[in-house]
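Undergrad: curious how this folds, go ahead:
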Amino acid sequence: MPCPEYKSTHIRKIGYLVPNLYVATRPNYPEALFQEIINRVPLPRDRALDLGAGTGLSTLPLCPWFNQVLAVEPNEGMAAKLRNLSPKIEVRQCSIEEFSERPESIDLITLGNVLYWVDRSVVEKKVLNWLRQEGIFAAYRYGVPRPPETIRGILETELTERWHSFRHPRLLDEDYSRRFIAEQSELKAIQVLTVPHVIFWDTQQLIGYFCSTSYCSAYVKTLANPEQYVTDLESKISDTIGYSSFPVDFSLELIIAQKK
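TA: Numbering: from 1, shown residues only. Model (predicted):
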């Protein structure tokens, strides 16, 4: 859950806090997500590979199931956090495209909210090379979170009228992940699942999350007075829904496939 230090006036200094705000506002993945994945990984479960590991939201939950979990993360600060999570985690501080591993040595490869940002022509070949026969490839993501109906219109207006032009085209392509996996001839038993995930946030946590996204943060940086914009948006939402926490739907799309 988001850290208290990023509430209120700290969020308004968005131009200086985006990297740390990103870390503070990423919601944890639900246990049900990993249970769906692990149930499909054949024994023995020796090595897992988490690509684009960030601060370990996927990496750490894999540790109970595997002897070793490789975490690939190019950001120095995030890689440092990963190194302190578990002795089972081996961190490789590099991009996914730069990472190399011996062929057919991985039982599970995971990508959480990462597939959109990789060089497809490079990564698809590497992934299939690293994964052992019958190994599992799992890609999952959540889209734009859905808050209660009472404030959904406020955020939809911001998204369509202000943030939309800063959204990467791949973020607008709802079928990108599915096509990426479906087009790999060496993968079989492809399944697309929805994993429910509802968390309770207050207004400042929700706005902090949006301010950490690529599109909202890019928009805010164009403003002469970004702090005022965030303050006004917080007030607009709080005046509508109040100051208590409320449910936010972060349900995930999970795509699982097995190497032939």
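Undergrad: buried residues, the helix ranked longest in the chain. List them.
TA: With DSSP state H setting the assignment, residue counts place helix 226-241 as the longest helix in the chain. Residues of helix 226-241 classed as buried under the neighbour-count rule (16 or more other CB atoms under 10 Å) are P226, Y229, V230, T231, L233, E234, K236, I237, S238, I241. To be clear about C-beta, it is placed using only N, CA and C from the backbone, and glycine gets the same treatment.
Undergrad: got it, and stretch 137-149?
TA: Going by neighbour count (16+ other CB under 10 Å), the buried part of stretch 137-149 is F137, A138, A139, Y140, R141, Y142, V144, P145, R146, P147.
Undergrad: equivalent analysis for stretch 87-107, please.
TA: K88, I89, V91, R92, Q93, S95, I96, F99, E101, I106, D107.
Undergrad: can you put those residues in TSV and add distance to L33 and pLDDT?
TA: Rendered in TSV, the data for the buried residues of stretch 87-107 read as follows (distance: CB to CB, whole Å; pLDDT from 0 to 100):
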residue	distance to L33	pLDDT
K88	19	97
I89	18	98
V91	22	97
R92	23	96
Q93	25	96
S95	24	92
I96	20	91
F99	23	93
E101	24	95
I106	19	98
D107	17	98
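Undergrad: quick one: which of those residues is nearest L159?
TA: Distance to L159 across those (CB to CB) is lowest for I96, with 28.0 Å.
Undergrad: quick one: contacts for that closest one?
TA: Contact analysis of I96 by CB atoms under 8 Å, 6 or more residues apart in numbering lists L51, G52, V72, V114, V118, V123, K126.
Undergrad: now, these that are in helices?
TA: Taking DSSP H as the definition of helices, the contacts of I96 contribute V123, K126.
Undergrad: V72 contacts R92, doesn't it?
TA: Yes - in this structure, V72 sits in contact with R92. The criterion is CB atoms under 8 Å, and the distance is 5.0 Å.
Undergrad: now for the two: what residues contact both?
TA: F99.
Undergrad: what values do phi and psi take at V41?
TA: When quoted as degrees, to the nearest 10, the phi and psi of V41 stand at phi -90, psi 120.
Undergrad: how many neighbouring residues does it have?
TA: Counted with other CB atoms under 10 Å, the burial measure for V41 works out to 20 neighbours.
Undergrad: show me which residues of stretch 160-172 are buried.
TA: Residues R162, W163, F166, R167, L171 are the ones in stretch 160-172 that count as buried (16+ other CB under 10 Å).
Undergrad: from these, which single one is nearest Q204?
TA: Distance ranking of those against Q204, using CB to CB, places W163 first at 18.2 Å.
Undergrad: so that closest one belongs to a helix, correct?
TA: Yes - residue assignment for W163, taken from DSSP: H, G, I helix; E, B strand; the rest coil, places it within a helix.
Undergrad: so it makes contact with Y215?
TA: Yes - in this structure, W163 is within contact of Y215 by CB under 8 Å, at 4.6 Å.
Undergrad: mutual contacts of the two, please.
TA: Counting by CB under 8 Å, 6+ apart, no residue touches both W163 and Y215.
Undergrad: can you give me the strands for the stretch 1-150 of the chain?
TA: Remark: strands of the stretch 1-150 of the chain, listed N- to C-terminal, are 47-51, 68-72, 89-92, 106-112, 131-142; assignment by DSSP state E, counting those that start in this stretch.
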